Every structure is written in structure tokens, then in C-alpha cells.
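Novice: predicted model and sequence follow; I will ask about them next.
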Amino acid sequence: MDHIINNNNNTTPNNETTSNAITSTVPTNVFSTVDSNTSKTAKSKQSSNSLFSLEGYNNSSYSKLDYLMNNSSYYYDNDEIEKDPCFLPKVNNTLHFETKDIQKPSPLSHLTFNYPQKMETITPTNSYIVDNTTNITADIHNNNNNSNTLTHQIHVPNKFVIIMIGLPAVGKSAISKQLVEYISQNFTSSDDRVPLRIEIFNAGDMRRAMSKKRFNTVMNLPNNSTDDIFNPKNSNKKEEFAKLTLNKLINELNNDFCDIGIFDATNSTVLRRNFIFETLFEFNNQQTSNFNLIPIVLQVTSSNPNFIKFNIHNKSFNEDYFDKPYHLAVKDFASRLKHYYSQFVPFSTDEFNHIIEKTPDCNLFYFNIIDAGLKLIPEKDHYNYLSKVPTNSNSQRIHFLINLISSFVQNYNQLYGHLYVEKVDNFFQNEQEIQQPIEFPQHFIQPARVDNINWDNSKKLNYLSVLSEVVNHDYLKDLFGNK
Ligand SMILES: Nc1ncnc2c1ncn2[C@@H]1O[C@H](COP(=O)(O)OP(=O)(O)OP(=O)(O)O)[C@@H](O)[C@H]1O
Ligand SMILES: O=P(O)(O)OC[C@H]1O[C@](O)(CO)[C@@H](O)[C@@H]1O
């Protein structure tokens, strides 16, 4: 459906006065925009054919507006303006919209824009944007000082990208799934709100899918070949999978298949995160982007050795190791973890501040979950940066989601974390029963996954034995020594 800028001036157009009797005086055209803090008005430079012009906008808003305008059709008193309207090259940050042979706006006439449908979702990013709703008001003044005000709001919906950060096996994927559940549950109970659709995009799944395509197998231990992609010296391969995952996420958001994309990867280096933020902000500035993407960082940290051991244990049953014996899987994952610890840089408030300094017109949110929510983060240590003060329903959506995530994080331990902590405690209950390492029995040579289904106490003791051997005091010291 096309969107029409309607005349919202109560003055009814009067055909008698909309004759072509335009004086040679160039009408003063005003294109004004409103934002929640300030009202900005850009007056036209008077130019012979200028219908209106805009000044004071920066490159990105200029290019979007330029695109918007060039892809619109224009009607003047219900007659389509036949000659393509065009823009003069931008001079001094002023956008001049010109038509070659249009009659100049006459008293009380209508000017109508038809935006192509996709324009509805274009995200202008700058000063003329009000929380992603663009108020475009064009006052066409004539020399009698009558004016018609043409107003239209372009709603540019927000979508959200939750960027998980954390070392392998800290629980990012588990928490992502819990967050999906939490958000979905809280939406179903709401009255008139449209539920937000959430999807998880996991870089490990992408790696496995791509490797499967390439080798028709996922049998190679990711860490047991010359191709060790977890070794920092091979990081470019891993980066490719991350890029593919992020692209997939952005595409699905842009095609409106979901509203929130969770980017589930370690995102453990500043370089990677810079890439993510730049990609998202560039997307927001692109003319072809249908939505404005708001990044939300959710960092998961765990320093409890039992948590780490338990998680490594669980990881040895994941898809990377479905055909591998338990002890090999544990060793391999432990070695992967070492690589990650050696290069991990936690997301910090400095990094947060740096991003918003570089991109002051962005929105950015930052949350932490530490040790399954056992360590509480003071509310003030969750960071919110909203460059645009919300006013309308579009921004209510941001507030609603951010409040929801905030309450998920603040109450994480009561909501989900305590169950996990219980499981860890149960798992280690009998650890003291292990006197010395046990010989690997036959079932350890079988694929680990088979064993995991119904492990009895004796198997558990064997698991603990292997774990204690691999993830031992020296290993943990080495791990944390790197930090
Ligand atoms: N908060 C948690 N709630 C429930 N289970 C958890 C939690 N944290 C860790 N786990 C357990 O630890 C294992 C590893 O967690 P998970 O796979 O979520 O880690 P991850 O950070 O996504 O790891 P990776 O980066 O290697 O994919 C899971 O199988 C899960 O059983
Ligand atoms: O590319 P990143 O940020 O290291 O994260 C993805 C990787 O993290 C892991 O989940 C680490 O265990 C792998 O499965 C996956 O390949």
C-alpha cells in the first residue's frame, strides 16, 4: 500500500485559488522535521525550481532521504508531476529537491507524495528521525503567506540483535534458549501486544552445517586435525562461519521472518565485536534496509571451577563429539577452551562507551549474567544507551523488551539459574568417592552421546574421574593464569 502525505491542514483546498496564478516570486518552501527533544526546521534556500529543500543533515540521512524522495511519486493538486523530480547535488549539507517544469505551489494547493511500499521501512538515522518514526512535514508557503501542511509519519520498525558474549561452555546457548522461553511466555500474557518472534543463530551450528556440506561428515574433531580452527592462528576460518551466521541473522530480520535474532557465538574478541557493531550500524544506514537493528549485548561469565567442569562434561556430548569417546571429547574441548581463554577480552563499559562515542546516533544495551545469576549485578551496571528519546508505540516496544531482558537478567538465578546450580551440585555430590583415576572401561570407548542417556552412578563416577584428570588443578590454574 502506498503512503500518501495528506494535507492535514484544515483549510480545504479551493480550486478557485489553486489556479496557476503563481507569481514570479518563488514560494518559500519549508521542510520541517520534529524530534522529541528539539524541533528542527530547515528552510529552503530559494532557488528557482526548488519545491523544497533541507539543510543541516549529514551524509547518511541525506542519502536515505535522497533515495526516499527519488523513489516517490509526486502529485500536485492530484495530478501526478510528470517530470521526475530531481535533486541538486548536495551543497553545504543542503538537500534541494527540484522539479524541472512543475508549477509552483499555489495558495492552498496540495502536494502529495506516494512512497513506494518499501520506503515505509527505510530507517533514516539522523536528526530528522524521531525514534524511528519520521515526521515529515512540508509547509508549502506561498507569497500570500497561506500554507498547506503536508504531514506523514513513516514508521520504521525496530528489530533487535542480541549479541551473546562469553567463553565456550559458559552457558550462552542454554541461556539463549531460556531467554527465548521467557520472552515468549511474557508476551503471550499480554493483551494487545504483538508477540515478538525470536530466533537463535548459532555459529557452531553454522560451522557444523558448512563442514558437513564440504566434507559430508562432521566426524573430524574440530580440534584434532591440522585444521584446528580454534587455534587463534587459524581464526580467519572461524570468522567466516561467524560472518555467515551474522548475515543469516540479518537477512532473516530484514525479511521479517523474526523480530529478535540472538547471535550465539563466543564473540570473544574486540575485533569480532567491532565487526558486528559496524555491520549492524552500516545495515541501519543502508537504503535497502527494511528495519532498524538495535544491538543488545548479553555477556555470560562463569568462574566457578565446578561449573566449568560440569559444562565441559556436557559439551562432550554435543554434536561435535557425537561419534567420539568421552575422554577424547573432554580432552578436545578442554584444549579448545584454552585457546579461547588465551585470547578472550571481556566486553566492558569502556568498550561500550567507545562504541557510542563512535556512533552517537545508535541505540545500545548491555547486560551481564555472572555465575548463573549467583553474583548479582547492580542495576546501574547494566548499560543502556538510547540516542533517541522514545515517544511513540514503536519505542514502547524497545522499552518493553529491554525491561523484559532486564528482569530476566536480574532474576536469572530464581528463574533458571538455581536449577542449573542444583544439577551441578548433584553431579559433584559423589566426587569425594573417587579415590584414584579409574581405568577407562569399554563404554568410554563408545561414542559419548550413547552413554549420556541413562548414566548410572558408576558411570557418573567414571565421568568424574576423567573430568578430574583432564580438568585438573593445573589445567584450571593455567586457564585462569592466562587472564
Ligand atoms: N545457565 C545454564 N542453565 C542450564 N544449563 C547450563 C547453564 N550453563 C551451562 N549449562 C550447561 O552447560 C553446557 C554448556 O552450556 P552451553 O552449551 O549453553 O554453553 P555455551 O556458552 O553456549 O558454549 P559454546 O560457546 O561452546 O557453544 C550445556 O549443555 C548445559 O547443560
Ligand atoms: O566464532 P566464535 O565467536 O568463536 O563462536 C563460535 C564457536 O563457539 C563455539 O560454540 C565454542 O565452543 C563453537 O561451537 C563455535 O564454533
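Specialist: Okay, I see it. Here the structure is a predicted model, which means the values were calculated and not measured. Ligands and ions are numbered 1, 2, ... in the order given.
Novice: hang on, residue 180 packs against residue 262?
Specialist: Yes. Between residue 180 and residue 262 there is a contact under CB atoms under 8 Å: 7.3 Å. Every residue, glycine included, has its C-beta placed from N, CA and C.
Novice: not counting its own residues, what contacts stretch 472-483?
Specialist: Under the criterion CB atoms under 8 Å, 6 or more residues apart in numbering, residues 303, 305, 308, 334, 337-338, 341-342, 344 lie in contact with stretch 472-483.
Novice: related to what we said a few turns ago, quick one, which of residue 180 and residue 262 is more surrounded?
Specialist: For residue 180 versus residue 262, neighbours defined as other CB atoms under 10 Å are more numerous around residue 262 (25 against 17).
Novice: distance of that one relative to residue 275?
Specialist: Residue 262 sits 17 Å away from residue 275, going by CB to CB, to the nearest Å.
Novice: ok, residue 254 next?
Specialist: Distance, residue 254 to residue 275, by CB to CB: 18 Å.
Novice: next: residue 200.
Specialist: Distance, residue 200 to residue 275, using CB to CB: 20 Å.
Novice: could you do residue 313 as well?
Specialist: Distance of residue 313 to residue 275, computed by CB to CB: 32 Å.
Novice: comparing these two, which shows the higher neighbour count?
Specialist: Neighbours were counted for residue 313 and for residue 275 using other CB under 10 Å; residue 313 has more, 24 against 16.
Novice: residue contacts, that one?
Specialist: Residue 313 makes contact with 330, 427, 463, 467 under the criterion CB under 8 Å, 6+ apart.
Novice: return the member of those nearest to residue 374.
Specialist: Distances from residue 374 to the contacts of residue 313, taken as CB to CB, are shortest for residue 427 (16.5 Å).
Novice: identify the residues contacting the residue in the stretch 51-200 of the chain that ligand 1 sits nearest to.
Specialist: Nearest residue of the stretch 51-200 of the chain to ligand 1 (CB to the nearest ligand atom) works out as residue 171 at 2.4 Å. Listed by CB under 8 Å, 6+ apart, the contact set of residue 171 reads 300, 302, 307, 311, 369, 372, 420.
Novice: among those residues, which pair sits farthest apart?
Specialist: Spatial extent of those (CB to CB) is set by the pair 311 and 369 at 14.0 Å.
Novice: so between those two, which is more surrounded?
Specialist: Counted by other CB under 10 Å, residue 311 and residue 369 do not tie: residue 369 has more neighbours, with 28 against 23.
Novice: can I assume that one sits in a strand?
Specialist: Yes. Assessed with DSSP: H, G, I helix; E, B strand; the rest coil, residue 369 lies in a strand.
Novice: ok, residue 244 - contacts?
Specialist: Residues near residue 244 by CB under 8 Å, 6+ apart: 206, 210.
Novice: any idea which element it lies in?
Specialist: Taking DSSP states H and E as the definition, residue 244 sits inside helix 235-254.
Novice: partners of the helix or strand following that helix in the sheet?
Specialist: Going down the chain from helix 235-254, the next helix or strand is strand 260-264, by DSSP H and E. Counting by DSSP bridges, the strands paired with strand 260-264 are strand 158-165 (parallel), strand 198-202 (parallel).
Novice: and the last one, which residues are buried?
Specialist: Neighbour-count burial for strand 198-202 flags 198, 200-202 (criterion: 16 or more other CB atoms under 10 Å).
Novice: do the same with the first one
Specialist: Residues of strand 158-165 classed as buried by neighbour count (16+ other CB under 10 Å): 158-165.
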